[in-house]
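K.L.:
just coords:
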């Protein structure tokens, strides 16, 4: 048997086993909102980016509603360097000025989010970009850094205090979407919204068959 043929068979076997093992999870999370944090090495490896986008499209087409949340620290630093703006960190936080925040917005939304949107669209699922500034999706309070016991002002940096999940839920009624920033808070808010009703009474969502793409 040719080596290529054997490799193809092994790959097919691995894929089949993965699908079988994933079935209980697909059943458990069918029609549920799932928040996925995208970052790390996957964001700088084109092959991993493509595989991730295909996975998100797959989740949507099997009835799961993914919300992709991403960061972009290295990309922001690289863009600042290109513009001749020095990156400064204090207490693990990026010192963010009015000039810096414009670069942050551009990189996160117009570069990273837009790139992910294109990849997921090409994989077969519609997407819509959301950021924390859209329709008050996030509210935050200014925070400071602690360095050697001293409180340091780091500029336009804050902690997310309120998440309005209605925006994400309204979008997800239509199709599988992705957003940007703050995976933990948005995941908790969506969980509370769907399960506990802490944020607000859940709206009556259209039946999945009525919103199928």
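P.N.:
Structure received. Please read all numbers here as calculations on a predicted model, not as lab measurements.
K.L.:
quick one, helices of this protein?
P.N.:
3-28, 46-61, 73-82, 98-105, 114-123, 166-174, 183-191 (DSSP state H).
K.L.:
isn't residue 159 right up against residue 143?
P.N.:
Yes. Using Cβ atoms under 8 Å, residue 159 is in contact with residue 143, at 4.9 Å. Where you see a C-beta, it was placed from the backbone N, CA and C, and this is true even at glycine.
K.L.:
I'd like the helices of the chain as TSV, with mean pLDDT and mean neighbour count appended.
P.N.:
Compiled in TSV, these are given as follows (pLDDT from 0 to 100; neighbours: other Cβ atoms under 10 Å):
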stretch	mean pLDDT	mean neighbour count
helix 3-28	80	10
helix 46-61	91	17
helix 73-82	92	15
helix 98-105	92	14
helix 114-123	93	17
helix 166-174	64	18
helix 183-191	51	19
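K.L.:
Pipe these into CSV and attach distance to residue 89 per row.
P.N.:
Shown next, in CSV, are these (distance: least, Cβ to Cβ, whole Å):
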stretch, distance to residue 89
helix 3-28, 38
helix 46-61, 26
helix 73-82, 9
helix 98-105, 12
helix 114-123, 25
helix 166-174, 30
helix 183-191, 21
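K.L.:
mind checking which of the ones you listed is nearest residue 36?
P.N.:
Ranking these by proximity to residue 36 (Cβ to Cβ) places helix 46-61 first, at 7.1 Å.
K.L.:
Looking at the helices of the chain, which is nearest to residue 151?
P.N.:
Across the helices of the chain, residue 151 has its closest neighbour in helix 98-105 (20.2 Å, Cβ to Cβ).
K.L.:
Not counting that closest one itself, show me its contacts.
P.N.:
Defining contact as Cβ atoms under 8 Å, 6 or more residues apart in numbering, one finds that helix 98-105 is touched by 72, 76, 79-80, 83, 85, 94, 96, 131, 133, 155-156.
K.L.:
among these, who's most crowded?
P.N.:
Among those, residue 76 has the most neighbours (other Cβ atoms under 10 Å), with 22 neighbours.
K.L.:
give me every residue that touches it.
P.N.:
87, 94, 103-104, 107-108.
K.L.:
which of these sit farthest apart?
P.N.:
For the contacts of residue 76, and using Cβ to Cβ, no pair is farther apart than 87 and 108, which are 15.1 Å apart.
K.L.:
Looking at these two, which is more packed in?
P.N.:
Counted by other Cβ under 10 Å, residue 87 and residue 108 do not tie: residue 108 has more neighbours, with 21 against 14.
K.L.:
Now do the phi/psi pair for the closest residue to that one other than its chain neighbours.
P.N.:
Among residues not flanking residue 108 along the chain, residue 72 sits closest, at 5.1 Å (Cβ to Cβ, 6 or more residues apart in numbering). For residue 72, the backbone dihedrals (degrees, to the nearest 10) come out as phi 170, psi 30.
K.L.:
what's residue 72 in contact with, if anything?
P.N.:
So residue 72 contacts 43, 104, 107-108, 111-112 (Cβ under 8 Å, 6+ apart).
K.L.:
Could you measure from it over to residue 115?
P.N.:
10 Å (Cβ to Cβ, to the nearest Å).
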